[in-house]
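[1] Could you look at this predicted model? Sequence included:
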Amino acid sequence: MAFDSWFNSQNRLVQVILLVIPFVGWVVECLVRLSIMLRTQSVLHIVVFLLFLFVGWGWFLCIIDLIYLVLTGHLIFA
């Protein structure tokens with residue numbers, strides 16, 4: 001599963017649009033984090049995936065991720 005590679009290869013504007021759309025942003029974040037978790041199998045990535053799976057549907061974590069994406073070019077802890 002290389003969804004994170006696909007997401008990171010997209011234009012920054014496309015990434016922002018995908019994260020801003022309600023529910024779509026949560027699904028995209030979960031898919032990116034799932035892809036990274038399956039590839040690395042790191043404890044940190046497993047915990048972050050579970051956090052975004054259960055709590056990430058709220059706007060707070062999405063806004064933090066969106067700001068971090070605009071500043072650095074990738075999602076936080078991804």
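    Yes, it's here. Residues are numbered from 1 along each chain as shown.

[2] What's the first helix or strand after the lengthiest helix in the chain?
    What stands out as the longest helix in the chain, according to DSSP state H, is helix 24-40. Moving toward the C-terminus from helix 24-40, the next helix or strand (DSSP states H and E) is helix 43-54.

[3] Sticking with residue 67, tell me its helix or strand.
    Assigned by DSSP H and E, residue 67 belongs to helix 59-72.

[4] relative to helix 43-54, how tilted is that helix?
    Per axes from the mean of the first three to the mean of the last three Cα atoms, to 10 degrees, the angle that helix 59-72 makes with helix 43-54 is 130 degrees.

[5] Buried residues in the longest helix of the chain, which are they?
    25-26, 28-30, 32-37 (16 or more other Cβ atoms under 10 Å). C-beta here means a position set from N, CA and C on the backbone, and glycine is covered the same way.

[6] Okay, and residue 7 sits in which element?
    helix 3-9.

[7] So for that helix, mean pLDDT?
    Per-region confidence: helix 3-9 scores 90 on mean pLDDT.

[8] And for stretch 65-78?
    Throughout stretch 65-78, pLDDT has a mean value of 88.

[9] Buried residues in that stretch, which are they?
    65-66, 69, 75, 77-78.

[10] follow-up on the earlier one: give the other helices and strands that the helix holding residue 7 contacts.
    helix 24-40 (3 or more Cβ pairs under 8 Å, 6 or more residues apart in numbering; DSSP states H and E).
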